[in-house]
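Trainee: Can you look at this prediction? I've put the sequence above it.
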Amino acid sequence: MVLAESFQRTHEQYQLRVDDYIAFRRDGFLHIKGLVSADEVAELARFTDDMMAGAATIPGIPAPSDDLSEAQRRRFYERIHMPHRALELAERFLLHPRIVDVLEALIGPDVLALQTMLFFKQPGQAGQGFHQDSYYIPTQPDTLIGAWLAIDPADEENGCLWMTPGSQHEPIYPDCDGATQQGDTILSDIESIKAASHPDIEVNTLARIALEYGKEVKVEAEPGDVIFFGGHVFHRSHQNDSQHSRRAFVSHYCNARSRVPWNHGATYDGEEEGGAANYKHILARGSTHLPYAQPKFGTPCAANAPELYGPRFDDHRVKSMMGDDNGFMVLVPHEDVDHDH
Ligand SMILES: O=C(O)CCC(=O)C(=O)O
């Protein structure tokens with residue numbers, strides 16, 4: 001483990017407005033423009049350009065061979081999972097303080113960082129059909145949230161995200177083809193679905209339920225914008241039908257007090273006995289009574305810099321994010337209450 005040498009806060013804090021919190025609860029997603037600076041996103045763009053040119057690699061990820069043409073190299077990668085476990089740059093974006101500032105208000109105040117994905121989505125590359133992210137990443141209670149950071153401008157033609165507002169209140173539909181063990185199976189009248197994420201709405205039966213809403217919102221984004229979306233909301237993206245790249249860096253998180261029986265398909269200690277994989281995931285903000293991992297590359301976060309990102313009050317009172325008189329979400333400790341029952 002490498003510990004960061006200086007624990008100065010490097011980014012101006014982003015304070016979420018109460019109105020934005022309400023919009024997230026109402027719609028199931030929230031688009032925050034310019035959350036990450038252009039210079040930082042340019043570093044991600046350069047790195048992925050270098051990967052496609054064969055000049056940079058991520059340890060453990062196969063690289064394009066030398067005999068490929070430039071065009072073939074550009075289409076070699078589609079999506080890379082969990083780069084934060086192998087690449088300092090990806091860990092830095094997973095734990096980006098301004099992204100975590102927003103997460104703290106939406107699902108926190110305690111935030112566990114679980115997953116990263118790097119989408120290349122070059123011209124002609126496929127989209128991802130209707131799905132719910134909690135179908136793939138279970139958290140108990142379910143507090144899953146995705147943060148989708150645009151590296152390139154994303155629009156209708158090159159395959160931006162599309163969200164179905166209001167669908168965050170849906171259960172997680174279990175599948176009937178055994179693709180995952182997830183989904184709400186306890187209530188008997190939740191129908192099973194087939195082929196979630198398949199782009200063809202005739203094949204992906206979640207599409208039937210999603211399209212009943214009769215309303216889908218396209219979320220066009222500029223580099224540095226971040227789209228936050230809950231684990232239940234129906235969403236999809238289409239194929240890149242343009243001549244332009246549509247790259248994105250997507251991370252997933254949950255409240256650090258949720259149990260996480262998930263390690264990206266890899267085994268973990270105690271799995272057979274019904275244990276959890278929280279100890280594999282990084283505490284990004286706040287505190288927790290559950291185990292957590294340190295960031296492999298030492299990016300400052302609550303796990304290794306608690307004085308900066310950890311508990312903000314020196315006591316054991318319960319804390320919540322609440323609206324203040326100026327319309328911002330702030331961390332508030334609860335008063336001690338004497339319970340007589
Ligand atoms: O970026 C995309 O095209 C799809 C991303 C997505 O649906 C997800 O990360 O859940």
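Mentor: Nice, I can see it. Numbering: from 1, shown residues only.
Trainee: near the ligand, which residues of the protein show up?
Mentor: Contact residues, the chain versus the ligand (C-beta under 6 Å from any ligand atom): 119, 121, 127-128, 133, 146, 159, 235, 237, 248, 250. All C-beta spots, glycine's among them, are computed from the backbone N, C-alpha and C.
Trainee: So which elements touch the longest helix seen in the chain?
Mentor: With secondary structure taken from DSSP state H, the chain has its longest helix at helix 38-52. Counting contacts by 3 or more C-beta pairs under 8 Å, 6 or more residues apart in numbering; DSSP states H and E, helix 38-52 is packed against helix 88-94, strand 145-150.
Trainee: Give me the mean pLDDT for the last one.
Mentor: Strand 145-150 shows a mean pLDDT of 98.
Trainee: next one: it to chain centre, how far?
Mentor: With C-alpha atoms, centre = their mean, to the nearest Å as the basis, strand 145-150 stands 5 Å off its chain's centre.
Trainee: what's the answer for the longest one, then?
Mentor: Taking the mean C-alpha point of helix 88-94 and that of its whole chain, the gap between them comes to 13 Å (C-alpha atoms, centre = their mean).
Trainee: Next secondary structure after it?
Mentor: Using DSSP states H and E, the helix or strand that follows helix 88-94 in sequence is helix 97-107.
Trainee: That following helix - contacts with which helices or strands?
Mentor: helix 18-27, strand 29-32, strand 111-119, strand 145-150, strand 226-230, strand 248-255, strand 282-285.
Trainee: List the strands paired with the next helix or strand after the fifth one, with their directions.
Mentor: Per DSSP H and E, the first helix or strand lying C-terminal to strand 226-230 is strand 235-237. Using DSSP bridges, the strands paired with strand 235-237 are strand 128-131 (antiparallel), strand 161-163 (antiparallel).
Trainee: returning to that earlier point: deepest in the core, which of the helices and strands packed on helix 38-52 is it.
Mentor: strand 145-150 (a mean of 25; mean count of other C-beta atoms under 10 Å).
Trainee: Of all the residues in the protein, which one is nearest the ligand?
Mentor: Distance from the ligand to each residue of the chain (C-beta to the nearest ligand atom) is smallest for residue 237, at 3.2 Å.
Trainee: Neighbours of that residue, how many?
Mentor: Residues lying near residue 237 (other C-beta atoms under 10 Å) number 23.
Trainee: thought it was touching residue 157?
Mentor: No - if you go by C-beta atoms under 8 Å, residue 237 and residue 157 don't touch, sitting 11.9 Å apart.
Trainee: End to end on stretch 181-201, go ahead and measure it.
Mentor: The first and last residues of stretch 181-201 sit 22 Å apart, counting by C-alpha to C-alpha, to the nearest Å.
Trainee: Tell me the buried residues in it?
Mentor: Within stretch 181-201, the residues that count as buried by 16 or more other C-beta atoms under 10 Å are 182-183, 193, 195-199.
Trainee: Please apply the same query to stretch 20-27.
Mentor: Buried residues in stretch 20-27, counted by 16+ other C-beta under 10 Å: 20-21, 24, 27.
Trainee: do the same with stretch 248-267
Mentor: 248-264.
Trainee: Could you list the low-confidence segments of the protein?
Mentor: Across the chain, the ranges flagged by pLDDT under 70 are 1-7, 178-180, 336-341.
Trainee: May I see the helices and strands packed on helix 97-107 organised as a markdown table, with distance to residue 315 added?
Mentor: Formatted as a markdown table, the helices and strands packed on helix 97-107 follow (distance: least, C-beta to C-beta, whole Å):
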| stretch | distance to residue 315 |
| --- | --- |
| helix 18-27 | 25 |
| strand 29-32 | 31 |
| strand 111-119 | 20 |
| strand 145-150 | 27 |
| strand 226-230 | 30 |
| strand 248-255 | 20 |
| strand 282-285 | 18 |
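Trainee: Please determine how far residue 153 is located from residue 43.
Mentor: As defined by C-beta to C-beta, to the nearest Å, residue 153 lies at a distance of 17 Å from residue 43.
Trainee: now residue 285
Mentor: From residue 285 to residue 43 the distance is 23 Å (C-beta to C-beta).
Trainee: repeat for residue 269
Mentor: From residue 269 to residue 43 the distance is 35 Å (C-beta to C-beta).
Trainee: Equivalent analysis for residue 219, please.
Mentor: Distance of residue 219 to residue 43, given as C-beta to C-beta: 24 Å.
Trainee: Between those two, which is the more surrounded one?
Mentor: For residue 219 and residue 43, the more surrounded residue by other C-beta under 10 Å is residue 219, and the numbers stand at 20 against 14.
Trainee: For the nearest residue to that one once chain neighbours are set aside, grab the count of nearby residues.
Mentor: Leaving aside its chain neighbours, residue 219 sits nearest to residue 161 (4.7 Å; criterion: C-beta to C-beta, 6 or more residues apart in numbering). Neighbour count for residue 161, taken as other C-beta under 10 Å: 25.
Trainee: Over to residue 117?
Mentor: Around residue 117 there are 18 residues (other C-beta under 10 Å).
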